[in-house]
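Asks: sequence first, then the predicted structure, then my questions.
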Amino acid sequence: MRIIGGKFKGRRIVAPKKLPIRPTTDFAKEALFNILNNQLNFEETSALDLFSGSGNISFELLSRETKQIIAVDQNYLCTKFISEESKKLEAGKVKCVKSEAIKFLNRCEIKFDLIFADPPYDYTLYTELINAVFSNNLLSPDGLFVLEHYTKTNVEHPKRYNTRNYSGVSFSMFDNK
């Protein structure tokens with residue numbers, strides 16, 4: 001995995017093979033961050049990375065000097081890896097939480113400017129996940145919720161305003177409007 005932008009641009013991070021992950025491809029990640037660059041001032045952004053896996057998105061946010069990053073994954077090896085790599089970058093700003101995503105959302109009391117979720121492709125609780133973000137009022141007024149999913153997965157919700165497709169990967173975007 002390679003960091004594509006920011007102060008750590010070009011740095012490679014090698015995740016252990018034993019992690020149960022499917023990182024966002026560089027192609028899709030680059031497209032996503034082109035969108036985010038036009039919508040966010042990262043240095044003033046609080047971000048939540050759900051199903052963080054290898055930390056691919058968290059490290060991109062860290063590289064762009066995002067103010068606050070919380071990475072949530074239910075796998076201890078994933079949160080441990082992200083925490084260790086964050087420290088190696090001498091930027092231990094990523095707070096790692098071992099938790100199932102919906103449980104975390106239901107007990108969280110922080111508002112985020114960006115919520116990114118990349119559940120496994122066989123995930124079936126998309127509606128519950130989206131509803132947990134909005135029913136718990138976790139998105140700041142101008143915030144953005146991005147849900148990565150397999151292109152053939154239908155993600156319908158009244159708060160969804162856009163979906164972008166990139167070679168089998170889709171990013172559905174939601175806001176408070």
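Replies: Sure thing, it's come through. Numbers count the residues shown, from 1 in each chain.
Asks: distance between whatever helix or strand residue 96 lives in and the chain's centre?
Replies: Here residue 96 is covered by strand 94-98, with elements defined by DSSP states H and E. Distance of strand 94-98 from the chain centroid (Cα atoms, centre = their mean, to the nearest Å) equals 12 Å.
Asks: quickly run through the sheet partners of it, with directions.
Replies: strand 68-73 (parallel) (DSSP bridges).
Asks: after the partner strand, which helix or strand is next?
Replies: Assigned by DSSP H and E, the successor of strand 68-73 is helix 76-88.
Asks: now the strand holding residue 96: buried residues?
Replies: For strand 94-98, the neighbour count (16 or more other Cβ atoms under 10 Å) marks 94, 95, 96 as buried. C-beta: built from backbone N, CA, C; applies to glycine.
Asks: got the contact list for that strand?
Replies: If you take Cβ atoms under 8 Å, 6 or more residues apart in numbering as the criterion, strand 94-98 is touched by 52, 55, 58-59, 62, 68-76, 79-80, 82-83, 86, 104.
Asks: change it to 10 Å
Replies: 47-50, 52, 55, 58-59, 61-62, 66, 68-87, 104, 108 (Cβ atoms under 10 Å, 6 or more residues apart in numbering).
Asks: quick one: the helices in this protein?
Replies: 26-37, 56-63, 76-88, 101-107, 126-135 (DSSP state H).
Asks: now these as a markdown table including mean pLDDT and distance to residue 117?
Replies: As requested, these are exported to a markdown table (pLDDT from 0 to 100; distance: least, Cβ to Cβ, whole Å):
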| stretch | mean pLDDT | distance to residue 117 |
| --- | --- | --- |
| helix 26-37 | 91 | 12 |
| helix 56-63 | 95 | 10 |
| helix 76-88 | 92 | 14 |
| helix 101-107 | 98 | 7 |
| helix 126-135 | 97 | 6 |
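Asks: pLDDT of the strand holding residue 96, averaged?
Replies: Averaged over strand 94-98, pLDDT sits at 96.
Asks: pull the CA atoms of that strand into PDB?
Replies: Once non-C-alpha atoms are left out, strand 94-98 reads as follows in PDB (Å, rounded to 0.1, in the frame of the first residue of the first chain):
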ATOM      1  CA  VAL A  94      -4.600   8.100  14.800                       C
ATOM      2  CA  LYS A  95      -6.800   6.900  17.700                       C
ATOM      3  CA  CYS A  96      -7.500   3.200  17.200                       C
ATOM      4  CA  VAL A  97     -10.700   1.600  18.600                       C
ATOM      5  CA  LYS A  98     -11.400  -2.200  18.500                       C
END
